[in-house]
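Enquirer: Would you be able to build a 3D model of this:
(chains A and B)
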Amino acid sequence: MSEERNKTTQRLSRRKLLVGAATAATIALVRTATGQQVPAAVPDIPADPTKTQGPPPGTLGSRSPFEQLKKIPSDTSSRTPLQHLHGMITPSDLHFERHHGGVPLIDPDQYQLLIHGMVKKPMIFTLRDLKRFPSVSRIAFLECSGNFRTGREKMTPQEICGLTSQSEWTGVMLATLFREVGVDSRATWFLAEGSDAAVMTRSIPVQKGWQDAMIAYGQNGEALRPEQGYPARLFLPGWEGNTSVKWLRRIELSDKPFMTREETSKYTEPVNGKIRQFSFDMDARSIITFPAYPVQLEKGWVEIRGLAWSGRGKILKVEVSTDNGKKWYPAQLQDPVLDKAHTRFRYLWRWDGNETAIMSRAIDETGYIQPTLEKLVQARGRDMGGYHLNPITAWEIKRDGQVLFRPEKWK
Amino acid sequence: MIRWILGGWLLLAVGCSTNAEAPAFVDEAMPESFGFGRLATEEEIARWDIDVSLDGKGLPDGAGTVPEGRRIYAEKCAACHGKTGKEGPYNQLVGPAGDTTTRAKTIGNYWPYATTVFDYIRRTMPYNEPGSLSDEEVYSLTAYLLHANGIIDSALVLQKDNLPAVQMPAQHKFVPDDRRGGPEIK
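Expert: Next comes the predicted model:
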């Protein structure tokens, strides 16, 4: 007690030397997403916040210094900390990233979108033009089709499948632009091209363009983040993330696919001696995000929580097993349950302290049931490759409360 | 009660089919044209229209040879892809033609169309200087990589007339996605 008061006094006396209380900072240890203790700048913490004036209103809000949320970056991607998020929306600065030539810096006043090829009128739209068209918003997930990592017990949901995120996307429906340029009824494919250093391209069936494709310029109430395609991107609900081409500069209509580099050894998968191409839809998937590694579980009531989603429609049901997959029980789904959207689920469980494994499986409105890895191998063969893997994730609960990922081998 | 449920399903079914044909957001009040945006000129289209189709549409004039490609490769590509295209550290480009059972996914064992090699090199390579190669250099690099993968003869002069005709060993393995949702795992 007296030691703590001493510390506070020391801090207060130090503060007097500084110009303003709001700028005073001390180095505190903060636990990161991966459970490491790292130093972080935290302002002096008053012993009683009711006895000190806080900082005045500011121009931008900020995250509490106690919340050290981080993506995990690699050379080519960075992953969303799923285990630390609440609800269904991914904060924009934590949306996963995957790009092929870095994040370009694009002046919105110079931005142009060209639509040409099999159209009546080849046209150029500025960002201002795009925003004048009827504007649509929808909440939907975006997931990379290479979103599965395994191999170690000490892996977090972020490390296993952090290449999925959810935003409210705002923009103009591509169908609206298709009408404006007069797409030829014989056109069956279009090329979407980005203006990053990869000048990345994908071939997309025109049908998707008429159905629910969007040219998005808004994300969670503001302009797109640069990492998500600022100032405008293609957004294809439910389809593998790579097809939602960012920094979109050109759409070309054609009557055949373009066979781009992302349609060769990339974004295709070996299946029983063949190579599956144009596998756009993301099949249903779920993961328990709590309790998950590195959580230390305590005996008693636990609300199991997680996310479920399907690129083919709404989540119909999520089932949870707390006995290593022997029995399955329906979880509660948090409203709203949206089409092609992350859906939060929860299941109340009383842990008795015995070793077990917990897992979830998503069922979507087409009747698809999220498979085990073994079932995927049975269907596709051992050389099935790393794309479109959506297996059930099992968490092993140890007697001491440790929660560990169960990695499975298939090769 | 049963009628209500049936009615609900019917409504859902109608809702779905309408959705597929004419998306709900196409408001009947929408004009045929909003008049936003402007016509693109031919020069503006040509500036960005760099893609190469399977039939060779989009391939520029010019030609390239395997020896010239080997020289450019050593200078501008080997640092990332390895001395012979097999060593890395980044993507392996040369490998067993047609054999997709190996871990390495290369141009030889995996890429279905030769035109894609030209298109991709021209739009984004080399990594540290994207889009800096001349069309002649891209033809030569394409020729070298196809030859290194055992696909074309070292004497072939590659140009827009013969590149689309190059048959890739893995092409016959490509099949369109046949997953359709529902209970079957594919």
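Enquirer: Count residues in the vicinity of whichever residue of the stretch 301-411 of chain A sits closest to chain B, would you?
Expert: Chain B sits closest to A:Thr366 of the stretch 301-411 of chain A, with a gap of 3.4 Å, by Cβ to the nearest Cβ. C-beta here means a position set from N, CA and C on the backbone, and glycine is covered the same way. Applying other Cβ atoms under 10 Å in any protein chain shown, we find 17 other residues in the vicinity of A:Thr366.
Enquirer: Could I get the full set of helices for the chain?
Expert: Just going to use chain A. Using DSSP state H, the helices of chain A run over A:2-17, A:127-132, A:157-161, A:174-181, A:206-211, A:373-380.
Enquirer: wrong chain, I was asking about chain B
Expert: B:2-21, B:42-48, B:66-76, B:78-81, B:107-110, B:114-124, B:135-148.
Enquirer: Tabulate those helices in TSV, adding columns for distance to chain A.
Expert: Formatted as TSV, the helices of chain B follow (distance: least, Cβ to the nearest Cβ, whole Å):
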stretch	distance to chain A
helix B:2-21	7
helix B:42-48	5
helix B:66-76	16
helix B:78-81	12
helix B:107-110	4
helix B:114-124	4
helix B:135-148	13
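Enquirer: for chain B, which spans come out with low pLDDT?
Expert: Per-residue confidence for chain B (pLDDT under 70) gives these ranges: B:1-26, B:97-102.
Enquirer: what separates stretch A:362-373 from the chain centre, distance-wise?
Expert: 20 Å (Cα atoms, centre = their mean, to the nearest Å).
Enquirer: end-to-end on that stretch?
Expert: One end of stretch A:362-373 sits 14 Å from the other (Cα to Cα, to the nearest Å).
Enquirer: Then stretch B:34-51?
Expert: Counting by Cα to Cα, you get 29 Å between the two ends of stretch B:34-51.
Enquirer: what sits up against that stretch?
Expert: A:114, A:116, A:121-126, A:129, A:132-133, A:176, A:180, A:191, A:193, A:199, A:201, A:249-250, A:252, A:258, A:260, B:58, B:119, B:122-123 (Cβ atoms under 8 Å, 6 or more residues apart in numbering or on different chains).
Enquirer: mean pLDDT lowest for which of the helices of chain A?
Expert: Per-stretch mean pLDDT for the helices of chain A is lowest at helix A:2-17 (a mean of 41).
Enquirer: which residues sit in contact with the residue in the stretch 201-350 of chain A positioned nearest to chain B?
Expert: At 3.4 Å from chain B, A:Ser265 is the closest residue in the stretch 201-350 of chain A, using Cβ to the nearest Cβ. By Cβ under 8 Å, 6+ apart, the contact list for A:Ser265 reads B:105-106, B:110-111.
Enquirer: quick one: which of those has the most company?
Expert: Busiest of the contacts of A:Ser265 [other Cβ under 10 Å] is B:Trp111, holding 29 neighbours.
Enquirer: Quick check: chain neighbours aside, which residue is closest to that one?
Expert: With sequence-adjacent residues excluded and distances taken as Cβ to Cβ, 6 or more residues apart in numbering or on different chains, B:Trp111 is closest to A:Thr264, at 4.4 Å.
Enquirer: I'd assumed B:Thr116 was in contact with the one you found.
Expert: Yes: if you go by Cβ atoms under 8 Å, A:Thr264 and B:Thr116 touch, sitting 5.9 Å apart.
Enquirer: and B:Glu75, how many neighbours?
Expert: By other Cβ under 10 Å, 10 other residues sit near B:Glu75.
Enquirer: oh sorry, the question was meant for A:Leu234
Expert: Neighbours of A:Leu234 (other Cβ under 10 Å): 28.
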